[in-house]
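> Got a sequence here, can you build the structure:
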Amino acid sequence: MQALYVLRHAKAVTWTPDADDFARELQPVGWQHAKIIAERICQHLELPDCILCSPSQRTRETLSPLLSMQPELQATTHFLPQIYHSSVRTLQTALDAAFAEFDRVLIVGHNPGLEALIADVIHRRHYSEYDRLPTGTLAVIDFADGWAADQGKGELRQLIRGKHLLGASG
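Predicted structure coming up:
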């Protein structure tokens with residue numbers, strides 16, 4: 001079995017036409033969501049074997065609490081420029097390479113690419129559970145026969161929204 005963890009960056013400062021989108025930082029609530037999601041990963045999931053992350057400021061900041069809690073994950077964390085503003089095909093190519101070596105991969109990035117990726121790899125019976133990927137949300141998808149064999153048949157195990165966990169954090 002292989003598992004894909006898809007994490008959309010947490011809530012960032014609002015985009016403006018004169019701002020550098022790549023450099024946008026997290027809002028305070030985004031930092032809270034990122035910390036809560038990191039705690040949830042550490043407490044309730046097997047840690048990823050490999051992390052693929054967009055190098056944008058907001059994705060780095062979203063990943064930061066997890067790397068602080070589990071510093072050993074830094075050794076298998078890769079900041080890939082192609083994840084920023086990527087197509088589904090580009091994401092799948094990066095994941096093909098990661099799953100050739102690892103069983104649990106976390107990808108941290110942006111919409112619309114991540115949203116479309118999930119829709120492509122989950123089984124259609126999960127479409128009623130999944131309609132979009134808000135900021136600060138983690139999707140956990142299992143592939144019983146492996147990533148390569150099960151694309152389009154992935155089992156949506158969990159959809160964890162950071163904002164829904166705010167009251168549950170301790």
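> give me every residue that touches the residue nearest to the spatial centre of the chain.
Central residue check for the chain by Cα atoms, centre = their mean: the C-alpha nearest the mean position is that of L7, 1.8 Å away. Going by Cβ atoms under 8 Å, 6 or more residues apart in numbering, L7 touches I37, T62, L63, L106, I107, V108, G109, T137, L138, A139. No exception for glycine: its C-beta is placed from N, CA and C like everyone else's.
> Give me the phi and psi angles of it.
As for L7, its main-chain torsions (degrees, to the nearest 10) stand at phi -120, psi 120.
> what about the helix or strand harbouring L63, distance to the chain center?
Using DSSP states H and E, L63 maps to helix 57-69. Offset of helix 57-69 from its chain centre (Cα atoms, centre = their mean, to the nearest Å): 11 Å.
> now what about that helix, what contacts it?
7, 9-10, 12, 22-26, 30-31, 34-35, 37-39, 41-42, 51, 53, 73-74, 77, 79, 83-84, 108-110, 136.
> Report the buried residues of it.
For helix 57-69, a neighbour-count test (16 or more other Cβ atoms under 10 Å) marks Q57, R58, T59, R60, E61, T62, L63, P65, L66, L67 as buried.
> go on, stretch 110-130?
H110, G113, L114, E115, A116, L117, I118, A119, V121, I122, H126.
> Is it possible to get CSV of these that adds distance to Q151?
Listed next are the buried residues of stretch 110-130 as CSV, based on distance: Cβ to Cβ, whole Å:
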residue, distance to Q151
H110, 20
G113, 15
L114, 15
E115, 16
A116, 13
L117, 10
I118, 11
A119, 12
V121, 5
I122, 9
H126, 14
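> Among those, which has the minimum pLDDT value?
Across the set of the buried residues of stretch 110-130, H126 stands lowest in pLDDT, at 92.
> ok, that one touching L156?
Yes. Between H126 and L156 there is a contact under Cβ atoms under 8 Å: 4.1 Å.
> Just give me how far the next helix or strand after the helix holding L63 sits from the chain centre.
Using DSSP H and E, the helix or strand that follows helix 57-69 towards the C-terminus is strand 77-79. The chain centre lies 13 Å from the centre of strand 77-79; the measure is Cα atoms, centre = their mean.
> Where does pLDDT dip in the chain?
For the chain, the stretches with pLDDT under 70 are 163, 165-170.
> most remote residue from it's center?
Farthest-out residue of the chain from its mean C-alpha position, per Cα atoms, centre = their mean: D18, at 27.4 Å.
> so it sits in a strand?
No. Under DSSP: H, G, I helix; E, B strand; the rest coil, D18 falls outside any strand and is assigned coil.
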